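1. Below: sequence and its predicted model.
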Amino acid sequence: MKIYENIGFLNDLTAYWLVKSEPEAYAWAQLVKDRKTAWTGVRNFAARNNLRAMKKGDLICFYHSVEEKSIVGLARVEKEAYPDPTAGEGDWSAVDLVPVKALARPVALAQIKADTILREMPLVRIGRLSVSPVTSAQFSRLMALSGTTV
């Protein structure tokens, strides 16, 4: 399902990221239904720093963890980092995400691990990191594997 026909703002400054979610906790379909969400609850310093590095317009690969283990959709950063309202204490951040489109075909973790371009992704190397950067070459390869145009 396409949410936006043409996102029309990609440029050399666009960065790419991956966020992981257990579908039982918050699935891609829920983001599509909600049309916007605050990405809260991140309690890992490296992941928090990645949230803080996100800029409005950056593209997000939405990954279903646990059983599916696949990238299933693309989202966009709508609002840059702000204090996480779910944090009782500590210096934690959140960002707002909006859906862009579902991938034409999900890209499974097994495909990512087998691919020479993708196997260096933090998703593979640092499996417990819930928010991680994606290089432009990795993003292009993911879109090719998924049959998705941006």
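-> Right, received. Where do you want to start? Residues are numbered from 1 along each chain as shown.
2. Where do the strands of this structure begin and end?
-> Remark: strands assigned in the chain by DSSP state E are 16-21, 37-39, 59-64, 70-83, 93-108, 131-134.
3. Of all those, which one is nearest Thr148?
-> Among those, the nearest to Thr148 by CB to CB is strand 93-108 (4.8 Å). All C-beta spots, glycine's among them, are computed from the backbone N, C-alpha and C.
4. Let's have the strands of the chain in TSV, adding mean pLDDT, distance to Thr116 and mean neighbour count.
-> TSV is the format used below for these (pLDDT from 0 to 100; distance: least, CB to CB, whole Å; neighbours: other CB atoms under 10 Å):
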stretch	mean pLDDT	distance to Thr116	mean neighbour count
strand 16-21	98	18	21
strand 37-39	98	30	20
strand 59-64	98	18	24
strand 70-83	98	17	20
strand 93-108	98	15	19
strand 131-134	98	16	21
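5. CSV please, covering the ones you listed and showing distance to Arg52.
-> Shown next, in CSV, are the strands of the chain (distance: least, CB to CB, whole Å):
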stretch, distance to Arg52
strand 16-21, 12
strand 37-39, 12
strand 59-64, 14
strand 70-83, 4
strand 93-108, 5
strand 131-134, 10
